[in-house]
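Undergrad: what would the 3D arrangement of this be:
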Amino acid sequence: MRSFLTLLLLGTCFACQAQFHDMHWILGYDFESDASKSETMLLDFATSPPTVTNHPLWLDFASTNVAVSDAEGGFLFYSNGCQIRDKFDQPMPNGDSLNWGIVAADYCNYGYPLPSGIIALPAPGSEHEYYLIHQREEYDNEVGVRVPDLLWTKVDMGLNDGKGAVTAKNQPLYNSYFFDSAMATRHANGRDWWVLVPDYAEARYYSFLLTPWGFRDTVVQDIGEKPPFPEEIDYGGQNVFSPDGRHYVDQDGKNGVRLFDFDRCTGLLSNFRHYGFSPETVYGLGAAFSPDSRFLYVCSRNHVFQFDLWEDGDLAAAVDTVATYDGFMSPPPFPTSFYKMQLGPDGKIYITHKTSAKHIHYIEYPNKKGTACGVRQHSIALPQYRGGEWFDYPFYRLGPLDGSTCDSLGINNLPLADFWYKPDSASAYVTEFTDNSFYEPAEWDWSFGDGTFSQDTSPVHTYTNAGIYEVCLTVSNMDGSDTKCKMVELMLSGTEEIKNEASNILVYPNPAKQAVNFSLPANMPNAMLTLYNVNSMPVLHQRIYAGWNVVTLESIASGIFFYEVWDDGKVLMMGKLVKVE
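TA: As a prediction, the model looks like this:
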């Protein structure tokens, strides 16, 4: 028997001024059922790692999906592209009949069917208004379905006793023959928003400027190249801005990666670069940038690619395959191949699949080059099935472009400190700290609570003794500084016995509140977890898999429990778990 070291995060909250409008993600499902509520789940980033819980809602989700939080990360409202409901799951006044038309009439019992069909933006100059930028489909005898309308809807959370009401709905922003999906980034003044939408058939891009007075400038630009209009409509791909707003990618499996530089002052694209997929990777669908904007990640059905934008030359010289689908089914016959991506507020990139599987993937260290980025396949276990829907959030935590001609409003990039950490699976006292700060930090000062310090961006620290340590990160730049502290408890507990020394199973946090994480090594494809109360009665059974598994404890009362991780009749690990309120 050897001792097992766990780290406990005693406080997890995000700063109020952080613009965490993407703190809640809804994982829904479209199905025909007599059940009163849809099978939906909530991914909540208020904890680290995020908590996945059942969160039944009245709306079904097909492909269109958005959930909106306030600047502090409090859940406000959500939409499936057909209707808007508040945080209490009640219809928002005037929030019905989004995307009116024949397609909505055919599909809205199950959710609007347009992938990447809606994004949410906080209204410039307002603390309680939000814009939904959404796209309407219509049938076409020649091409099947087209997306001719770009619309906007406005929500005022200051109305209806703080539960919100829709003050404008389905307002036309632009009409074209066929749009691709929209995405947004901050204007260089740090207040307004650029909304950029590609034309599907032409090498043409539309930029719309959202200001406190509504939409003002419209920039139409022909740039890059696209092949002839395909015979079949391709809804694949994602269009994404880098977190710093300097890069924009328009990519799908048929046209490949179309990468541009973006001018946050003028709304213009430049420096077009192209990378085409080979025939075996034609199902290219997802795209996301690393938090530091250095790496572009793109996934096909079977691969995850990383492009290093610091490399000189064309994109073909900068690409690296960082993951290949391992064939995992969740459960059979549902494959967990790669589909769409999204950068989370915690600095990790989350990857979904198109089938109704019960796991999702994530990239743990997206700022690291090559396979060190850590693509964790099927490592987040979901409590139930999810559909093919996903979400497209802009990067909200972007300030002005300091020194630009458009930095004219006196808004400063005041740094906002944040970090997360993870214990080393091989060395109990070694802890890796990862910076997740925002608004242009230039210097990092760490205090590990044991009298040692570091100025590295994301240091690895080795403690010498068990105990409680207050770890503080101070980030600063020419405009100011901010400090974030977290209490880290290193407990040396002889009750947590690892029966298989080579397994390196991690359990954290412990004590736990709403959820606990069991992390299994890659050489252990699956196992069974059983949780017992003090009377040796089982209170939970759950299949867990290689990688990170979230085990929900909401239905279990607080107290002391004992767990076993076992497979093929052999106990791999056993220990004590404490649940607290």
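Undergrad: report pLDDT for residue 42.
TA: Note for residue 42: predicted pLDDT of 86.
Undergrad: where do the helices sit along this structure?
TA: Secondary structure of the chain (DSSP state H): helices at 102-107.
Undergrad: middle-most residue in it, spatially?
TA: Centroid-nearest residue in the chain: residue 344, 3.2 Å away (criterion: Cα atoms, centre = their mean).
Undergrad: pretty sure it is touching residue 44, no?
TA: No - with contact defined as Cβ atoms under 8 Å, residue 344 does not count as touching residue 44 (11.1 Å). For every residue, glycine as well, the C-beta is placed using N, CA and C.
Undergrad: name the residues contacting each of the two.
TA: Taking Cβ atoms under 8 Å, 6 or more residues apart in numbering as the criterion, residue 344 and residue 44 both touch residue 50.
Undergrad: still on that earlier bit, number of nearby residues for the residue nearest to the residue nearest to the centre of the chain when sequence neighbours are not counted?
TA: Sequence neighbours aside, residue 350 is the residue nearest to residue 344 in space, at 5.6 Å (criterion: Cβ to Cβ, 6 or more residues apart in numbering). Residue 350: 22 surrounding residues under other Cβ atoms under 10 Å.
Undergrad: so what's residue 350 up against?
TA: So residue 350 contacts 341-344, 360-363, 380 (Cβ under 8 Å, 6+ apart).
Undergrad: can you give me the pLDDT of it?
TA: Residue 350 is given a pLDDT of 95.
Undergrad: check residue 234 too.
TA: According to the prediction, residue 234 has pLDDT 46.
Undergrad: residue 522 now?
TA: For residue 522, pLDDT reads 65.
Undergrad: likewise for residue 577?
TA: 87.
Undergrad: residue 510 too?
TA: pLDDT at residue 510 comes out at 81.
Undergrad: from residue 423, how far out is it?
TA: Residue 510 is 11 Å from residue 423, where distance means Cβ to Cβ, to the nearest Å.
Undergrad: same check, this time on residue 317
TA: With distances taken as Cβ to Cβ, residue 317 is found 37 Å from residue 423.
Undergrad: of the two, which one has the most company?
TA: When residue 317 and residue 423 are compared for neighbours, residue 423 comes out ahead with 20 against 11, by other Cβ under 10 Å.
Undergrad: bridging residues for the more buried one?
TA: residue 431 (DSSP bridges).
Undergrad: could you work out the end-to-end span of stretch 429-445 for me?
TA: Stretch 429-445 has its terminal residues 21 Å apart, counting by Cα to Cα, to the nearest Å.
Undergrad: report the buried residues of that stretch.
TA: 431, 433-441, 444-445 (16 or more other Cβ atoms under 10 Å).
Undergrad: circling back to that earlier point, list the contacts of the residue nearest to the centre of the chain.
TA: Residue 344 sits in contact with 22, 45, 50, 350, 362, where contact means Cβ under 8 Å, 6+ apart.
Undergrad: same thing but 10 Å
TA: Applying Cβ atoms under 10 Å, 6 or more residues apart in numbering to residue 344 gives the contacts 22-23, 25, 43, 45, 49-50, 288, 291, 350, 362-363, 366, 393, 436.
Undergrad: so where's the stretch 351-500 of the chain uncertain?
TA: Residue ranges of the stretch 351-500 of the chain with pLDDT under 70: 388, 424-428, 489-500.
Undergrad: about what we covered before: among the contacts of residue 350, which are located in strands?
TA: 341-343, 360-363, 380 (DSSP state E).
Undergrad: next, format those residues as JSON lines and append neighbour count and distance to residue 486.
TA: Shown next, in JSON lines, are the ones in strands among the contacts of residue 350 (neighbours: other Cβ atoms under 10 Å; distance: Cβ to Cβ, whole Å):
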{"residue": "341", "neighbour count": "26", "distance to residue 486": "28"}
{"residue": "342", "neighbour count": "21", "distance to residue 486": "25"}
{"residue": "343", "neighbour count": "22", "distance to residue 486": "22"}
{"residue": "360", "neighbour count": "24", "distance to residue 486": "26"}
{"residue": "361", "neighbour count": "27", "distance to residue 486": "26"}
{"residue": "362", "neighbour count": "24", "distance to residue 486": "21"}
{"residue": "363", "neighbour count": "28", "distance to residue 486": "23"}
{"residue": "380", "neighbour count": "22", "distance to residue 486": "22"}
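Undergrad: rebuild these as a markdown table, extending it with distance to residue 63.
TA: Converted to a markdown table, the ones in strands among the contacts of residue 350 look like this (distance: Cβ to Cβ, whole Å):
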| residue | distance to residue 63 |
| --- | --- |
| 341 | 15 |
| 342 | 14 |
| 343 | 20 |
| 360 | 16 |
| 361 | 19 |
| 362 | 21 |
| 363 | 23 |
| 380 | 21 |
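Undergrad: got a list of what residue 519 touches?
TA: Going by Cβ under 10 Å, 6+ apart, residue 519 touches 49, 376, 379, 422-423, 425, 504-508, 544, 546-549.
Undergrad: how about a cut-off of 6 Å?
TA: Residues in contact with residue 519, defined by Cβ atoms under 6 Å, 6 or more residues apart in numbering, are 506, 548.
Undergrad: my guess is residue 262 contacts residue 248. True?
TA: Yes - using Cβ atoms under 6 Å, residue 262 is in contact with residue 248, at 4.6 Å.
Undergrad: among the contacts of residue 344, name the buried ones.
TA: When these are checked for burial by 16+ other Cβ under 10 Å, the buried set is 22-23, 25, 43, 45, 49-50, 288, 291, 350, 362-363, 366, 393, 436.
Undergrad: and the closest residue to residue 429 other than its chain neighbours, backbone torsions?
TA: Among residues not flanking residue 429 along the chain, residue 463 sits closest, at 4.5 Å (Cβ to Cβ, 6+ apart). Dihedral pair for residue 463: phi -90, psi 160, per degrees, to the nearest 10.
Undergrad: my guess is residue 463 contacts residue 433, does it?
TA: No - Residue 463 is beyond contact range of residue 433, at 11.8 Å (criterion: Cβ under 6 Å).
Undergrad: low-confidence stretches in the stretch 101-250 of the chain?
TA: 142-143, 227-236.
Undergrad: would you map the strands across it?
TA: Under the criterion DSSP state E, counting those that start in this stretch, the stretch 101-250 of the chain carries strands at the ranges 118-122, 129-140, 144-156, 165-175, 183-186, 193-198, 204-211, 214-222, 238-241, 247-252.
Undergrad: need those strands in a markdown table with mean neighbour count, can you?
TA: Listed next are these as a markdown table, based on neighbours: other Cβ atoms under 10 Å:
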| stretch | mean neighbour count |
| --- | --- |
| strand 118-122 | 23 |
| strand 129-140 | 21 |
| strand 144-156 | 19 |
| strand 165-175 | 16 |
| strand 183-186 | 25 |
| strand 193-198 | 25 |
| strand 204-211 | 20 |
| strand 214-222 | 14 |
| strand 238-241 | 25 |
| strand 247-252 | 24 |
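Undergrad: need these in a markdown table with distance to residue 109, can you?
TA: Formatted as a markdown table, the strands of the stretch 101-250 of the chain follow (distance: least, Cβ to Cβ, whole Å):
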| stretch | distance to residue 109 |
| --- | --- |
| strand 118-122 | 18 |
| strand 129-140 | 16 |
| strand 144-156 | 18 |
| strand 165-175 | 19 |
| strand 183-186 | 28 |
| strand 193-198 | 28 |
| strand 204-211 | 31 |
| strand 214-222 | 32 |
| strand 238-241 | 27 |
| strand 247-252 | 28 |
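Undergrad: all good on my end, thank you.
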